[in-house]
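In: sequence and computational prediction follow.
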Amino acid sequence: MVSRHWKGIARREAAADYIHYLRTETFPQLSRLPGFRRATILHRTVPDGVEFVIVSDWDSLDAIRAFAGPDVERAVVPSEVQAMMQRYEDAVTHYDIAETFEPARPPYVLSSATTYGAVYPGPRGSSSTR
């Protein structure tokens, strides 16, 4: 398996919109592609916005080509996403997955209480609506 990593910094006021775009546009499209396994959204607040690292796991580089085209090292950044970003990487990094560890636990369901909802929380320690 192959893990694909991309990084961009969103404008602070566009962070929730970016997550919404991933959930409603990008991830549903990816889920229809053979060989796509899962995606993870990582984020942190930085001085000039909200940094995101998007990690997607695939069966192979060939499976990634169905999404990225022949140059799998080039980032796929739709114009809608470009408008939300302060800056972003034009290239991605791929890693071979050596092993994945997941402890046994009961299944759970994410709810709006455990995700961003419509408002991105500010820096840690600030009060904001979740």
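Out: Great, that's in hand. The structure displayed is predicted, hence computed values, not measured ones. Numbers count the residues shown, from 1 in each chain.
In: other residues contacting stretch 29-43?
Out: 1, 15, 19, 22, 26-27, 50-60, 62-64, 66-67 (C-beta atoms under 8 Å, 6 or more residues apart in numbering). Bear in mind the C-beta positions are built from the backbone N, C-alpha and C, glycine included.
In: which of the helices or strands spans the residue nearest to the spatial centre of the chain?
Out: Compute the mean C-alpha point of the chain, and by C-alpha atoms, centre = their mean the closest residue is I54, 3.0 Å away. Using DSSP states H and E, I54 sits in strand 49-58.
In: which residues sit against the helix or strand that that strand is followed by?
Out: Moving toward the C-terminus from strand 49-58, the next helix or strand (DSSP H and E) is helix 61-68. When contacts are defined by C-beta under 8 Å, 6+ apart, helix 61-68 is touched by residues 2, 4, 29-30, 33-36, 58, 72, 74, 76, 92, 94.
In: widest-spaced pair of those residues?
Out: Greatest spacing in the contacts of helix 61-68, by C-beta to C-beta: P34 and R74 (20.7 Å).
In: more crowded one of these two?
Out: R74 (12 against 9; other C-beta atoms under 10 Å).
In: now I54. Nearest residue, chain neighbours left out?
Out: W6 (4.9 Å; C-beta to C-beta, 6 or more residues apart in numbering).
In: and the gap between the residue found closest to G8 once you drop the neighbours it is linked to in the chain and I9?
Out: Nearest non-adjacent residue to G8, counting by C-beta to C-beta, 6+ apart: Y88, 3.2 Å away. Distance of Y88 to I9, given as C-beta to C-beta, to the nearest Å: 7 Å.
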